[in-house]
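Visitor: I would like the atomic coordinates for the input below:
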Amino acid sequence: MDYVYVTKENIEQEHICCAISSNSDVQVRSKKDWLTDRFEDGLVFIKSSVRGKCFIEYIPAKNAWIPLDAKNFMYIDCLWVSGSLKGHGYSSELLNMCIEDSKKKGMDGICILSTKKKTSYLADPKFLAYKGFKVCDEANNGIQLWYLSFKDSVSPKFKSCAKDCHIDELGFVLYYTNQCPFNAKYVPVIENVSKDLNIAFKTIHLDTQEKAQNAPTPITTYALFYNGEYVTNDVMNEKKFIKLLSNLGL
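Guide: You can find the predicted model right below:
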């Protein structure tokens, strides 16, 4: 497989894998704008040269948009290979590129979010374990921080603000960033559904690094709470949200 490094210079010409429509699509525009602003913070985006979901996105942990204490570690925002590209070893190739680059940059290791069992939008724990990653921290909602160390160093951990995964507000509260392109389309959809059904729904857009690094959740791309308790990181469309309401007896 040939790979492409997406940069400020070529981002307008390249597809970004998880939302591969034209640049005029609100999802694509949102993601590309977010990426462009992160390149100066050391973000690296590597993708397959063919269209499809096959890419890795990583950034120095000190600049990551999650509540994390991980001195001199690299943080993987997303490693995603699916569809016809899955099963060919591309995940390993992309991860190895990240490892090699992180070592060249003098990092102590890399870290990434996962759970005990495979969860939507998070890395597969079986794959991580196979690659030598270990769990170094876990929040109360089951979200785990996995790491691969290159040398003796203090292991990464979540900031205290993200450990409990509890907030004081009632109703639905959604924390999200523009890192996930799907939010640009589906957050307004759920806001409108909630309004039509007269359901309390509040969105908190984490639009700065500082806000994201002090959020009450280890997942900041999409974290939905109900009556103070964490519910899911699964991006809701109308059908999923209606089903969730039913499951909650609403």
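
Visitor: if I look at the closest residue to Lys8 other than its chain neighbours, how far off is Asp234?
Guide: Ranked by C-beta to C-beta, 6 or more residues apart in numbering and with sequence neighbours excluded, the top spatial neighbour of Lys8 is Phe39, at 5.4 Å. Any C-beta I mention is one placed from the backbone N, CA and C, and that applies to glycine too. Shown here: Phe39 relative to Asp234, a distance of 28 Å by C-beta to C-beta, to the nearest Å.

Visitor: more crowded one of those two?
Guide: Phe39 (16 against 13; other C-beta atoms under 10 Å).

Visitor: which pLDDT value belongs to the more buried one?
Guide: On the pLDDT scale, Phe39 is placed at 97.

Visitor: residue numbering should commence at 40 henceforth.
Guide: Happy to do that; since the first residue is 40 now, the last one works out to Phe78.

Visitor: how about the strands in this protein?
Guide: 42-45, 83-87, 93-99, 107-108, 112-120, 148-153, 173-177, 183-188, 196-197, 211-215, 240-244, 261-265, 268-271 (DSSP state E).

Visitor: now render these as TSV, adding distance to Leu289.
Guide: Shown next, in TSV, are these (distance: least, C-beta to C-beta, whole Å):
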stretch	distance to Leu289
strand 42-45	41
strand 83-87	39
strand 93-99	35
strand 107-108	33
strand 112-120	31
strand 148-153	28
strand 173-177	29
strand 183-188	29
strand 196-197	30
strand 211-215	10
strand 240-244	11
strand 261-265	9
strand 268-271	12
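
Visitor: out of the ones you listed, nearest to Met136?
Guide: strand 83-87 (6.0 Å; C-beta to C-beta).

Visitor: any idea how far Lys278 is from the residue of the chain most remote from its centre?
Guide: Relative to the mean C-alpha coordinate of the chain, counting by C-alpha atoms, centre = their mean, the farthest residue is Asn237 (29.9 Å). Distance, Asn237 to Lys278, using C-beta to C-beta: 19 Å.

Visitor: excluding sequence neighbours, find me the nearest residue to Trp73.
Guide: Trp73 sits nearest to Asn217 (C-beta to C-beta, 6+ apart), 4.2 Å away.

Visitor: Ala201 too?
Guide: Counting by C-beta to C-beta, 6+ apart, the residue nearest Ala201 is Pro106, at 3.9 Å.

Visitor: who's in contact with Asn111?
Guide: Contacts of Asn111 were listed using C-beta atoms under 8 Å, 6 or more residues apart in numbering, and they are Ala100, Gly145, Met146, Asp147, Ser192.

Visitor: which pLDDT value goes with it?
Guide: 96.

Visitor: tell me the bridge partners for Leu152.
Guide: Leu184 (DSSP bridges).

Visitor: show me what contacts it?
Guide: Ile105, Leu161, Ala162, Ile182, Gln183, Leu184, Trp185, Pro257, Ile258.

Visitor: can you tell me which of the residues you listed are buried?
Guide: Ile105, Leu161, Ala162, Ile182, Gln183, Leu184, Trp185, Pro257, Ile258 (16 or more other C-beta atoms under 10 Å).

Visitor: for those, which one is nearest Glu230?
Guide: Ile258 (19.5 Å).

Visitor: that closest one is in contact with Asp273, isn't it?
Guide: No: look at Ile258 against Asp273 with C-beta atoms under 8 Å: they stay out of range, at 10.4 Å.
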